[in-house]
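*Asks:* Pasted the sequence and its predicted model underneath.
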Amino acid sequence: MKERDPGVKWFNTIFYPKTYTGRAVRYEDGVLPRLRQAEVTLFTPWGPRYSWETRGVEIKDGDKELAVLRFFASMLEEWKRNMPGKKFRWLFLGADLYGTRINHLPEWVVREYFTNLKKKISALLPGVEFHCWSEFDRQAEWYREWALQDLLIVGRPVIARAHQTARAMKRGGDAQQYLAERLAEARHVEGVIHPIKLSCVARHKDHGVDLALPRLYLLPRELHAPWL
């Protein structure tokens, strides 16, 4: 079918083919339809800084976090130029509960890091929203309970990988709780804001746990997971 929206045509034929670093999920039936809307909602989750013992909690010049934010800022400006008339709402979500409740990071570390990140986002991406996942803790509880009853929905390889990652991190993290949290996040975010997710990690990291959330992988591989 011929694309009627010139901005979406530009995205589909010029921007996306030259930019993507991983195959999109639900591109035809999720990403493109949501791009055709007058108001486009974007969503990017962001982890806590697990290497805080060596890197501290302050985001400084030269840190990967700033490179990622600058990449996104440049990208958003390009979108606005080539998709005029569209309003972009972008929600960054700080995964604070993953750090404190699941991986046992000190609460002050997680709090200070995300306070610093919020300031950097405001400076480089003015108008973009930042919230912490803990703000939606009560709303997500039903989804956690649902997920814990049937974690096999993500598939056994995903479960095995989560356990392997938890062991490698050496923080006593609970892999099952992590998976339930990811599923709860995906269900809650999709149900409330219906976004296009712009991921900061490799595609396989989201497989299974993001369910049917439409998502794009545009970040260069060397900038993946800037919080690690």
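*Replies:* That came in fine, so what should we check first?
*Asks:* separation between Thr198 and Gly172?
*Replies:* Residue 198: Leu, not Thr. Noted for Leu198: a distance of 31 Å to Gly172, by C-beta to C-beta, to the nearest Å. In this view, the C-beta of every residue, glycine as well, is placed from N, C-alpha and C.
*Asks:* Mind listing residues that contact stretch 16-33?
*Replies:* Residues from elsewhere that reach stretch 16-33 (C-beta atoms under 8 Å, 6 or more residues apart in numbering): 8, 12, 75, 196, 199, 202-203, 206, 210, 212-221.
*Asks:* Which of those fall within strands?
*Replies:* Counting by DSSP state E, those place Ile196, Arg215, Leu216, Tyr217 in strands.
*Asks:* Tell me how far the lowest-mean-pLDDT helix or strand in the chain lies from the chain's centre.
*Replies:* Lowest mean confidence among the helices and strands of the chain (mean pLDDT, DSSP states H and E): helix 156-169, at a mean of 88. Centroid displacement of helix 156-169 relative to its chain, using C-alpha atoms, centre = their mean, to the nearest Å, is 19 Å.
*Asks:* How about stretch 34-52?
*Replies:* 5 Å.
*Asks:* can you check stretch 55-71 too?
*Replies:* Centroid separation for stretch 55-71 versus its chain: 17 Å, with C-alpha atoms, centre = their mean.
*Asks:* Other residues contacting it?
*Replies:* Outside stretch 55-71, the residues that touch it by C-beta under 8 Å, 6+ apart are 49, 109, 112-113, 116-117, 120-121, 124-125, 200, 219-220, 223, 226-227.
*Asks:* from those, which is closest to Met83?
*Replies:* Leu125 (16.8 Å; C-beta to C-beta).
*Asks:* At which residues are the helices of this structure located?
*Replies:* Using DSSP state H, the helices assigned to the chain run over residues 6-10, 16-19, 32-35, 52-55, 64-82, 96-97, 107-124, 137-149, 156-169, 175-193, 203-206.
*Asks:* The fifth one relative to helix 107-124, how many degrees between them?
*Replies:* Translated: helix 64-82. Interaxial angle, helix 64-82 versus helix 107-124 (axes from the mean of the first three to the mean of the last three C-alpha atoms, to 10 degrees): 30 degrees.
*Asks:* since we're on the closest residue in space to Phe92 that isn't next to it in sequence, how many residues are nearby?
*Replies:* With sequence-adjacent residues excluded and distances taken as C-beta to C-beta, 6 or more residues apart in numbering, Phe92 is closest to Phe130, at 4.7 Å. Neighbour count of Phe130, defined by other C-beta atoms under 10 Å: 20.
*Asks:* thinking again about what came up before, show me which of Leu198 and Gly172 is the more surrounded one.
*Replies:* Leu198 (19 against 10).
*Asks:* correct me, but that one touches Trp79?
*Replies:* No. Counting by C-beta atoms under 8 Å, Trp79 is not a contact partner of Leu198; they are 10.8 Å apart.
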